[in-house]
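Turn this into a structure:
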Amino acid sequence: MTILVTGATGTVGRHVVDQLIQKGHKVRALTRNPLKANLPKGVEVVTGDLSDPSTLGSALADVSGIHLITTGAEYTPLQTGPEIVELAERAGVRRVTVLWNGEKGPFERAVEASGLEWTQLQAFEFMANARKWADAIRSEGVVRDLFGGSRIAPVHEADIGRVASVALTEDGHAGKIYTLTGPESLSVQDKVRIIGEVIGREIQFIESSEEEEREQMRRMGVEEEAIDYVISWHLNPPESASTVLPTVKEVTGLQPYTFAAWVKENADLFI
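Residues are numbered from 1 along each chain as shown. Predicted structure coming up:
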């Protein structure tokens, strides 16, 4: 049977694809633009859009599991969860992993109310979020950020991919909500220091204003509603966001990647 990965070209979805391929599973990747997918050899790439369930019929054929995301273009929350869940059940899908931000909406509630073996994956912050500093580090040796003292235990996207691949292919994960973190609680200034140490360059941290932060996210294509949510959340993060959890090791048997390891993999972004 085939496993369908939605958001397959995204920050997390690509890692889900890679982990499943490494385990020898047959993978079908859903994307709005197959010509730009650039996915590994052997992956079946199909056209579809989660915001339009009518495009998903052929993508769901002979699928045993699905990795789902709950946002569409420009990080807009999807409103089509109930329709997607109904289509999945009709198609005979068994297992589903859902990547979500901790705020339960129609999508998450529809999955929970279904007969699917669902697993929800929550990450407070992706290590890849550090990419937003790349241009300023390369050109000026500076990081400007509103949240200098905000502490979070960020997770490497590959660890999310590892957990998703286990939950989609092994028993014992149905009905579980897995909160995923890396091995360290880090402030923005900690991350800036680590990037500097890895690339061998001194990087200055400058605390930006709220409007500067908003403008930076607008340039990244983030919707205003999502900008409001991110800024509010980071200015007052829950204590749980900085708590290091053993979930990745418990589910996969592997130690989670450190932020330094992520920077080493992506050093070219900052040099």
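
Could you check which helix or strand contains the residue lying closest to H156 once chain neighbours are set aside?
Nearest residue to H156, sequence neighbours excluded (CB to CB, 6 or more residues apart in numbering): Y257, at 3.8 Å. Bear in mind the C-beta positions are built from the backbone N, C-alpha and C, glycine included. For Y257, there is no helix or strand it lies in under DSSP states H and E.

May I have the residues that are in contact with Y257?
M127, H156, A158, D159, G182, P183 (CB atoms under 8 Å, 6 or more residues apart in numbering).

ranking those by neighbours, who comes first?
D159 (28 neighbours; other CB atoms under 10 Å).

Could you list which residues are in contact with that one?
L180, G182, V248, T252, P256, Y257.

Please identify which pair of these lies farthest apart.
Largest separation among these by CB to CB: G182 and T252, giving 13.2 Å.

before we move on, the earlier item: now do the residue nearest to H156 against G24, distance only.
23 Å (CB to CB, to the nearest Å).

for V12, same thing?
21 Å.

Neighbour count: those two, which is higher?
For the pair V12 and G24, the greater number of neighbours falls to V12 (24 against 7), based on other CB under 10 Å.

Pull the contacting residues for the more buried one.
I69, L99, A123, F126, E157, I160, G161, A164.

so which of those residues is the most crowded?
Neighbour-wise, the contacts of V12 (other CB under 10 Å) top out at A164, 31 neighbours.

residues contacting the residue lying farthest from the centre of the chain?
In terms of distance from the mean C-alpha position of the chain, E202 ranks first, at 29.2 Å (CA atoms, centre = their mean). Going by CB under 8 Å, 6+ apart, E202 touches G141, G196.

For the stretch 101-250 of the chain, which segments are assigned as strands?
Assigned by DSSP state E, counting those that start in this stretch, the strands in the stretch 101-250 of the chain fall at 117-123, 142-145, 151-152, 176-180, 186-187, 204-207.

Ranking those strands by mean neighbour count, which comes first?
strand 117-123 (a mean of 23; mean count of other CB atoms under 10 Å).

Would you confirm that F126 contacts A158?
No. Judged on CB atoms under 8 Å, F126 makes no contact with A158 at a distance of 10.5 Å.

quick one on the thing from earlier: want to throw the strands of the stretch 101-250 of the chain into a markdown table with mean pLDDT and distance to V63?
Shown next, in a markdown table, are those (pLDDT from 0 to 100; distance: least, CB to CB, whole Å):
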| stretch | mean pLDDT | distance to V63 |
| --- | --- | --- |
| strand 117-123 | 96 | 13 |
| strand 142-145 | 94 | 41 |
| strand 151-152 | 92 | 34 |
| strand 176-180 | 97 | 21 |
| strand 186-187 | 95 | 37 |
| strand 204-207 | 94 | 46 |
